[in-house]
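Participant: missing the sequence, but the structure's below:
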């Protein structure tokens, strides 16, 4: 079973780091990354898929490590010219990044699915993993805040997550059809593990899990299901997760994350810092280094998580379909 | 009358050079440039107006003098990234140039007119001349060739004008409404001269003149009408004009150009090289240096043409409406 397939559920930056670690230690064509699309939006007429893009750039080795987002060797001539025209400049679009958005927008207009377009991009850049949008339908995170209801990018980029979050809604998720490639990835008999990356559960993973049938397919899968905590100590490694948890009246600890995924999981992974919390988590829990500064950190974490999942496979109790 | 307004009819590069000369010698807000839009097209989902863009870049001092088209200080990261995705790369789009197309496309989608958008861009870049698309409706040059009917940019850029041209058609021109700003510019009582720039008559000026009412307004105008020959010797200064004239069985000489505009003109301007041809042209004809290598050349030519038009104003016979 050690030559099986790995499925990762992922959002953007944190998930992509973890996915890169797995990608680097696994044989070609054995990794599928099911990706959040609820951050996607249309900006300046262009269809932008931030989480898919981050995964594509990261696995292609094209990601911008200095910025932590976008493309490496990027230029900004477009943004400067746009600014001179009084254009909307609150969302930064690099010149090279634009090509991906323009090409995707054109292909969507021609009737290609987001799945097919993402596959085309991945192949163009010689990525030997499947990066799979959870659905080819539109899903849009809407954020209820103290400043009213905001679209996700308005909240996240436009207002830098400063409004107080009251509730999240994933418009379209409950009606979205899971993509055929996602279905196949989840039900593949060779699956060795299904891993929820250390992404934001509320902003990145829940929109995936809300698509009808996804939870059931994960449960039906013969593979152990493991989540990696995006919370270390009482803080998020990156992004607004800790702030959001506080605003949602949740305790900012890995225990909350484990409880959030609940019976979906067979195992949980938290950082060594939080080893003392293992007793509060009812399922098998691994403590290891989850902070991914270097590529070696990413590979080591992926290795640890997959090996941990392997230990769960033999002891795993069959789960019914919800 | 020497503080009157100047109206130029123009295509892209050659016309823009002449317009720049006039712009540099005239007081602010006394120049209108009525511009061809029949080269416009939608590429990669973006509305591109090559002749308007060339005028905007040239009068704003943002034109790329090395390339002869596009924007100065341009970068090409977008095109390189697009190529890596197998995107359409036959039409070069610089990173800064893209901003103009993206902003225009967005504004068109919002329902703004091409006239209003062009005015916005001109103001953003502190251009104190009016750059006026002849119409806010679509006009599209179609090229009948030995390789079948081609859209203009396919012929002009995609195939580098290599097919043999048999006939030109300006789709939409005969039904297009002249823009209100064009109407106002042509009928302005302060008009001192209407000048047809040394642009390609077949590709750039005829699409303007085909819009219903344009010829009549030019005739109704109290101002003398002068054209500058784009042919010097038996060659075009730039572009495919000489080749096209030969394919249309026309003699490649300024005399053909003067005859082409016919009774629309009160005067004609040709290069000193062609001074011996003055006798073959039935209207008053000025010979001067028409080759615009430097900014001083451009200013001198504009000065010569305007002064020549001034001499025609007093002797000008009233023209009826066709």
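Facilitator: On my side now, so go ahead. Please read these numbers as outputs of a predicted model, since none were measured by experiment. Numbering: from 1, shown residues only, chains lettered A, B, ... in the order given.
Participant: enumerate the residues of the stretch 51-200 of chain A near chain B.
Facilitator: Contact residues, the stretch 51-200 of chain A versus chain B (C-beta under 8 Å from any C-beta of the partner chain): A:71, A:73-75, A:77-82, A:84-87, A:94-100, A:102-103, A:105-106, A:109, A:120-121, A:124-125. From N, CA and C alone the C-beta is placed, and that goes for glycine too.
Participant: and these, which are buried?
Facilitator: Using 16 or more other C-beta atoms under 10 Å in any protein chain shown as the burial test, these include A:71, A:74-75, A:77-82, A:84-85, A:87, A:94-100, A:102-103, A:105-106, A:120-121, A:124-125 as buried.
Participant: buried stuff in stretch A:129-148?
Facilitator: Buried residues in stretch A:129-148, counted by 16+ other C-beta under 10 Å: A:129-145.
Participant: what ranges do the strands span in the stretch 151-300 of chain A?
Facilitator: Secondary structure of the stretch 151-300 of chain A (DSSP state E, counting those that start in this stretch): strands at A:165-171, A:191-196, A:225-228, A:231-232, A:235-236, A:267-271, A:285-288.
Participant: name the helices or strands packed onto the second one?
Facilitator: Applying 3 or more C-beta pairs under 8 Å, 6 or more residues apart in numbering or on different chains; DSSP states H and E, one finds that strand A:191-196 contacts strand A:5-10, strand A:225-228, helix A:295-315.
Participant: can I get those in JSON lines with distance to chain B and mean neighbour count?
Facilitator: Supplementary listing: these in JSON lines, determined by distance: least, C-beta to the nearest C-beta, whole Å; neighbours: other C-beta atoms under 10 Å in any protein chain shown:
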{"stretch": "strand A:5-10", "distance to chain B": "22", "mean neighbour count": "26"}
{"stretch": "strand A:225-228", "distance to chain B": "31", "mean neighbour count": "27"}
{"stretch": "helix A:295-315", "distance to chain B": "23", "mean neighbour count": "17"}
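Participant: mean pLDDT added to the ones you listed, as CSV?
Facilitator: Listed next are the helices and strands packed on strand A:191-196 as CSV, based on pLDDT from 0 to 100:
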stretch, mean pLDDT
strand A:5-10, 98
strand A:225-228, 98
helix A:295-315, 93
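Participant: can I get the ones you listed in JSON lines with distance to residue B:193?
Facilitator: Shown next, in JSON lines, are the helices and strands packed on strand A:191-196 (distance: least, C-beta to C-beta, whole Å):
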{"stretch": "strand A:5-10", "distance to residue B:193": "66"}
{"stretch": "strand A:225-228", "distance to residue B:193": "75"}
{"stretch": "helix A:295-315", "distance to residue B:193": "69"}
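Participant: excluding sequence neighbours, find me the nearest residue to residue A:149.
Facilitator: Closest residue in space to residue A:149, ignoring its immediate chain neighbours: residue A:142 at 5.8 Å, by C-beta to C-beta, 6 or more residues apart in numbering or on different chains.
Participant: where's the one you found, which helix or strand?
Facilitator: Assigned by DSSP states H and E, residue A:142 belongs to strand A:140-145.
Participant: quickly run through the sheet partners of that strand, with directions.
Facilitator: strand A:148-151 (antiparallel), strand A:165-171 (antiparallel) (DSSP bridges).
Participant: tell me the mean pLDDT for it?
Facilitator: Averaged across strand A:140-145, pLDDT comes to 97.
Participant: from the chain's centre, how far out does that strand sit?
Facilitator: Distance, stretch centre to chain centre, for strand A:140-145: 18 Å (C-alpha atoms, centre = their mean, to the nearest Å).
Participant: likewise for stretch A:41-48?
Facilitator: Centroid displacement of stretch A:41-48 relative to its chain, using C-alpha atoms, centre = their mean, is 20 Å.
Participant: pairing partners for the helix or strand of chain A with the lowest mean pLDDT, with directions?
Facilitator: Lowest on mean pLDDT, DSSP states H and E among the helices and strands of chain A sits strand A:235-236, with a mean of 79. Strand pairing for strand A:235-236, determined by DSSP bridges: strand A:231-232 (antiparallel).
Participant: neighbouring contacts of the partner strand?
Facilitator: A:241-242, A:245, A:252-254, A:256-257, A:270-271, A:273-274, A:290-291 (C-beta atoms under 8 Å, 6 or more residues apart in numbering or on different chains).
Participant: if you set the cut-off to 10 Å instead, what comes out?
Facilitator: A:198, A:200-201, A:237, A:241-242, A:245, A:251-258, A:270-274, A:289-291 (C-beta atoms under 10 Å, 6 or more residues apart in numbering or on different chains).
Participant: how close does residue A:153 get to residue B:105?
Facilitator: Using C-beta to C-beta, to the nearest Å, residue A:153 is found at 20 Å from residue B:105.
Participant: pick out the shakiest of the strands of the stretch 151-300 of chain A, pLDDT-wise.
Facilitator: If you rank the strands of the stretch 151-300 of chain A by mean pLDDT, strand A:235-236 sits at the bottom with a mean of 79.
Participant: check what pLDDT whichever residue of the stretch 151-300 of chain A sits closest to chain B gets.
Facilitator: Going by C-beta to the nearest C-beta, chain B is nearest to residue A:153 of the stretch 151-300 of chain A, at 16.0 Å. pLDDT for residue A:153: 93.
Participant: burial count for the residue lying closest to it once chain neighbours are set aside?
Facilitator: Setting aside the residues directly before and after it, residue A:153 is nearest to residue A:41 in space (C-beta to C-beta, 6+ apart), at 5.0 Å. Number of residues near residue A:41 (other C-beta atoms under 10 Å in any protein chain shown) recorded here: 20.
Participant: beta-bridge partners for residue A:41, please?
Facilitator: Beta bridges link residue A:41 to residue A:48, judged by DSSP bridges.
Participant: how near is the nearest residue to residue A:230 once chain neighbours are set aside to residue A:69?
Facilitator: Excluding the flanking residues, the one nearest residue A:230 by C-beta to C-beta, 6+ apart is residue A:198, at 4.1 Å. For residue A:198, the distance to residue A:69 equals 17 Å [C-beta to C-beta].
Participant: over to residue A:5?
Facilitator: Applying C-beta to C-beta, the value for residue A:5 to residue A:69 is 28 Å.
Participant: now swap in residue A:221 and tell me
Facilitator: Applying C-beta to C-beta to residue A:221 and residue A:69 gives a distance of 31 Å.
Participant: which stretches of the stretch 51-200 of chain A form helices?
Facilitator: In the stretch 51-200 of chain A, the helices defined using DSSP state H, counting those that start in this stretch lie at A:77-84, A:95-109, A:114-124, A:152-153, A:180-187.
Participant: would you single out the least confident of those helices?
Facilitator: Mean pLDDT values for these show the minimum at helix A:152-153, a mean of 94.
Participant: who does that helix touch, helix- and strand-wise?
Facilitator: strand A:41-43, strand A:140-145, strand A:165-171 (3 or more C-beta pairs under 10 Å, 6 or more residues apart in numbering or on different chains; DSSP states H and E).
Participant: and of those strands, who's closest to residue B:229?
Facilitator: strand A:41-43 (47.1 Å; C-beta to C-beta).
Participant: that closest one - what's its average pLDDT?
Facilitator: Predicted confidence along strand A:41-43 averages 97 (mean pLDDT).
Participant: what helices or strands is it leaning on?
Facilitator: For strand A:41-43, the packing partners by 3+ C-beta pairs under 10 Å, 6+ apart come out as strand A:46-48, helix A:95-109, helix A:152-153.
Participant: adding distance to residue A:264, write the ones you listed out as JSON lines.
Facilitator: Putting the helices and strands packed on strand A:41-43 into JSON lines (distance: least, C-beta to C-beta, whole Å) gives the following:
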{"stretch": "strand A:46-48", "distance to residue A:264": "29"}
{"stretch": "helix A:95-109", "distance to residue A:264": "31"}
{"stretch": "helix A:152-153", "distance to residue A:264": "23"}
